[in-house]
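Asker: here you go, sequence then predicted model.
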Amino acid sequence: QPQLMLDMEQARGLLHRQDASLVSIRSWPEFIGTTSGYSYIKPKGEIAGARWGHAGSDSTHMEDFHNPDGTMRSADDITAMWKAWNIKPEQQVSFYCGTGWRASETFMYARAMGWKNVSVYDGGWYEWSSDPKNPVATGERGPDSSK
């Protein structure tokens with residue numbers, strides 16, 4: 001039985017591993033640190049070593065996962081999007097976002113796609129960014145930045 005919710009220490013333990021992915025379900029501007037995405041979250045950036053799992057245009061949208069009619073994109077499309085960032089179904093995968101709803105939606109997609117070892121880091125960027133000791137990354141970067 002996989003653990004469905006991770007705390008900060010467990011999430012930290014997934015970083016820089018080939019058999020695991022801590023996956024940011026945040027917009028590209030959030031991921032590269034040009035915005036936090038939230039008026040009440042001041043720090044900008046991303047968990048250093050996290051992999052970008054896509055989301056949408058901002059913190060209130062998830063269009064990267066939706067067809068024009070609002071239904072879920074195909075499992076093949078989503079898997080290909082994630083594979084480009086070294087996120088694979090055989091890994092231990094935990095999703096997070098700013099506050100939790102985007103990570104939870106993506107968790108449900110992964111489960112529907114048959115991914116077995118998936119979870120949500122519920123604290124997300126909001127919790128991570130509140131501790132100045134936690135490593136943060138900013139700026140443009142690609143999939144190899146998470147190795």
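Answerer: Great, that's in hand.

Asker: which helix in the protein has the most residues?
Answerer: Longest helix in the chain, counting residues (DSSP state H): helix 101-112.

Asker: can you give me the buried ones in it?
Answerer: 102-103, 105-107, 109-110 (16 or more other CB atoms under 10 Å). C-betas here are computed from N, CA, C, even on glycine.

Asker: and which of those is nearest residue 77?
Answerer: Set against residue 77, the nearest of those by CB to CB is residue 109 (10.7 Å).

Asker: can you tell me how far that closest one is from residue 130?
Answerer: According to CB to CB, to the nearest Å, residue 109 and residue 130 sit 28 Å apart.

Asker: ok, now residue 64?
Answerer: Distance from residue 64 to residue 130, counting by CB to CB: 27 Å.

Asker: more neighbours: which of those two?
Answerer: Each of residue 64 and residue 130 has its neighbours counted (other CB atoms under 10 Å); residue 64 has more, 18 against 13.

Asker: so that one, which state does it fall into?
Answerer: Here residue 64 is recorded as helix under DSSP: H, G, I helix; E, B strand; the rest coil.

Asker: what's near enough to touch the residue positioned nearest the centre of the chain?
Answerer: By CA atoms, centre = their mean, the chain has its centre lying nearest to residue 24, at 1.9 Å. By CB atoms under 8 Å, 6 or more residues apart in numbering, the contact set of residue 24 is 30-31, 46-47, 50-53, 96-97, 125.
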